[in-house]
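J.: Quick one: sequence and predicted model below, then my questions.
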Amino acid sequence: MKSALLSLQSTQKLYDKTQERLTSGLKVAKPSDDPAAYYAAATLTDRASALEGRLDNMDQAVEAISAADNGISSMTSVLSSMTAIVESALSSSADDTDTRAALGKKFNDLLRQLSTMANDSAYGGVNLLDGQDITVQMGEHYNDSTFIVKGFYVAGVERDPDKTTGEIDGLVTSNIPTDWGTTGAAAATNYAFALNMVENPTAVVGIQSYGITTAANTAGDGWEVDWTSTTNYQAGLSEVLSQIEQVKDVLETRSKLLSFDQSTITLRQSYTEEFVNTLQEGADSLTLADLNEESANLLSLETSQSLAVQAMSLSNQQMQSVLRLLQ
């Protein structure tokens, strides 16, 4: 009976362990189950968790790039409208100054919108169109592997067009980023909207605004083109058209560079996601129970339990028989 009881107790322990594995799905749930497998799996899980955190950082960088690209797309559409306004002014007769003045005021409204769109292209506290960069953490440990998305600075006037004349201010040196250098800052003051070239930060392209020649300033301001002139307005407006095209070309180049950065981050996202899955599968292979195997074990243990109980019953019957003989 003692032998049968010990066998039943051993079977019960295995039965409880198998039930626990089936319930939790783990064959290694604590260090005492298998120290080597438990800590190896924990290491793999920690690495996977660290990389999953980097995926969030990459997601936010992609969204920030998308916000900047949307800003550029909107600015490009505004530039197209500005081109149509200038072409309409060019087609007017020399003495139709009122029409050109009305078109010029609308032009300045759109010029101011370019600056507004650039300022509104921030995402998560970062604005790539305001000269801010994004450092994307891609490695398992901080600063192991980083990727920098370079922003660029769009300089535009802060004040809305004057309600009476429709004029706007030109750029001032204090509003120009330092990396444009002295040369770039000086060139930017000739415009009401400007940005620097991709290959040379000190080379600036910009757009002159609509302005009118006054008695106090017969030459006009340097950042303005007098649309109401009856003699040389065509040359000035033709130059404005060229300026718009230059700005549009630079914005398109910037958009391409940002799209390449976005593609790089997206590729790294895919790689990281696959690697995280590999780490998790490795950890699972060390700790997860084979449910089919455990189910078969459970059936086997139930049979063993039944046999152990029967063995105890037989032993008890034999003992009773011996006692009856001794009575």
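T.: Yep, it's here.
J.: Is Ser229 in a helix, a strand, or coil?
T.: With DSSP: H, G, I helix; E, B strand; the rest coil as the basis, Ser229 sits in coil.
J.: That one: what's it in contact with?
T.: By Cβ atoms under 8 Å, 6 or more residues apart in numbering, Ser229 lies in contact with 213, 236. Heads up, the C-betas are built off the backbone N, CA and C, glycines and all.
J.: Over to it: give its phi and psi.
T.: phi -60, psi 150 (degrees, to the nearest 10).
J.: Likewise for Ala101?
T.: phi -60, psi -40.
J.: Okay, domains of this structure per the record?
T.: Per the record, the chain has its domains at 2-25+289-326, 47-281, by automatic domain parsing.
J.: Confidence-wise, which of those is weakest overall?
T.: Per-stretch mean pLDDT for the domains of the chain is lowest at domain 2-25+289-326 (a mean of 62).
J.: Flag every buried residue along stretch 73-84.
T.: For stretch 73-84, the neighbour count (16 or more other Cβ atoms under 10 Å) marks 74-75, 78-79, 82 as buried.
J.: nope, stretch 173-181 is what I meant
T.: Using 16+ other Cβ under 10 Å as the test for burial, stretch 173-181 gives 175-177, 180-181.
J.: and of the residues you listed, the nearest to Leu129?
T.: Pro177 (12.0 Å; Cβ to Cβ).
J.: Distance of that closest one relative to Thr43?
T.: 46 Å (Cβ to Cβ, to the nearest Å).
J.: What segments of the stretch 201-327 of the chain are helices?
T.: In the stretch 201-327 of the chain, the helices defined using DSSP state H, counting those that start in this stretch lie at 233-287, 291-326.
J.: hmm, back to that, and the buried residues of stretch 73-84, which two are the farthest apart?
T.: The most widely separated members of the buried residues of stretch 73-84, counting by Cβ to Cβ, are Ser74 and Met82 (12.8 Å).
J.: what's the most buried one of the domains of the chain?
T.: Ranked by mean neighbour count under mean count of other Cβ atoms under 10 Å, the domains of the chain are led by domain 47-281, which reaches a mean of 17.
J.: Could you pull up the contacting residues of Gly156?
T.: 111-112, 114-116, 118, 171, 192-194.
J.: Redo those residues as JSON lines? Include secondary structure and distance to Thr266.
T.: What follows is the contacts of Gly156, written out as JSON lines (DSSP: H, G, I helix; E, B strand; the rest coil; distance: Cβ to Cβ, whole Å):
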{"residue": "Leu111", "secondary structure": "helix", "distance to Thr266": "34"}
{"residue": "Arg112", "secondary structure": "helix", "distance to Thr266": "35"}
{"residue": "Leu114", "secondary structure": "helix", "distance to Thr266": "29"}
{"residue": "Ser115", "secondary structure": "helix", "distance to Thr266": "30"}
{"residue": "Thr116", "secondary structure": "helix", "distance to Thr266": "29"}
{"residue": "Ala118", "secondary structure": "helix", "distance to Thr266": "25"}
{"residue": "Leu171", "secondary structure": "coil", "distance to Thr266": "36"}
{"residue": "Ala192", "secondary structure": "coil", "distance to Thr266": "37"}
{"residue": "Phe193", "secondary structure": "strand", "distance to Thr266": "32"}
{"residue": "Ala194", "secondary structure": "strand", "distance to Thr266": "32"}
